[in-house]
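1. curious how this folds, go ahead:
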Amino acid sequence: MASFRMLEKTGLPLLLAIGLFAPKALAQIRIYNVNAIHDLYSENELAAKKLYHNKNAIVFGRVDKVDNEHVIIEGNSELGRLFCKYSDQDLNKILELREDSRVQVGGKLEISWAPFGMFLSMNDCRVI
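-> Down below sits the predicted model:
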């Protein structure tokens, strides 16, 4: 009963600050290999979407290419990559990246259909 009274007085921000309550929307998954997502999608599209689509994630990988809109994180094939649409706030970090640079990015993963598999993207991703 005392904890309920504390919640009434302090509210959700306190619980979030001390880490006692973390809604799924704030939880982040960690991805160390984007190929695993592509492999699962090729075997079971529904399972891949349930595990990864619209999930907040931190992705670790190597830069394949940087273009005017994306940091592209390498995978096993041309289609097996993560297209990370970077934020203008990270422009200085983006300018330092080169092919094969190790990088960590964070944002919401999106899985969409592509003619030869899936298209894995992250809009408004941040370079960590």
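2. wait, Val66 sits on Ile94?
-> Yes - using CB atoms under 8 Å, Val66 is in contact with Ile94, at 6.2 Å. Bear in mind the C-beta positions are built from the backbone N, C-alpha and C, glycine included.
3. find the least confident helix or strand in this protein, judged by mean pLDDT.
-> helix 12-18 (a mean of 39; mean pLDDT, DSSP states H and E).
4. buried ones in the helix or strand that that one is followed by?
-> Next helix or strand after helix 12-18 toward the C-terminus (DSSP states H and E): strand 29-31. For strand 29-31, burial by neighbour count (16 or more other CB atoms under 10 Å) applies to Ile31.
5. just stretch 112-120 next, same as before
-> By neighbour count on 16+ other CB under 10 Å, the buried set for stretch 112-120 is 118, 120.
6. now it - C-alpha only, CSV.
-> What follows is stretch 112-120, C-alpha atoms only, in CSV (Å, rounded to 0.1, in the frame of the first residue of the first chain):
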residue,chain,number,x,y,z
SER,A,112,9.6,-3.9,-45.2
TRP,A,113,9.2,-6.1,-48.2
ALA,A,114,11.7,-6.0,-51.1
PRO,A,115,11.7,-7.9,-54.4
PHE,A,116,14.5,-10.2,-53.3
GLY,A,117,13.9,-10.4,-49.6
MET,A,118,13.5,-7.7,-47.0
PHE,A,119,14.6,-4.0,-46.6
LEU,A,120,15.9,-3.3,-43.2
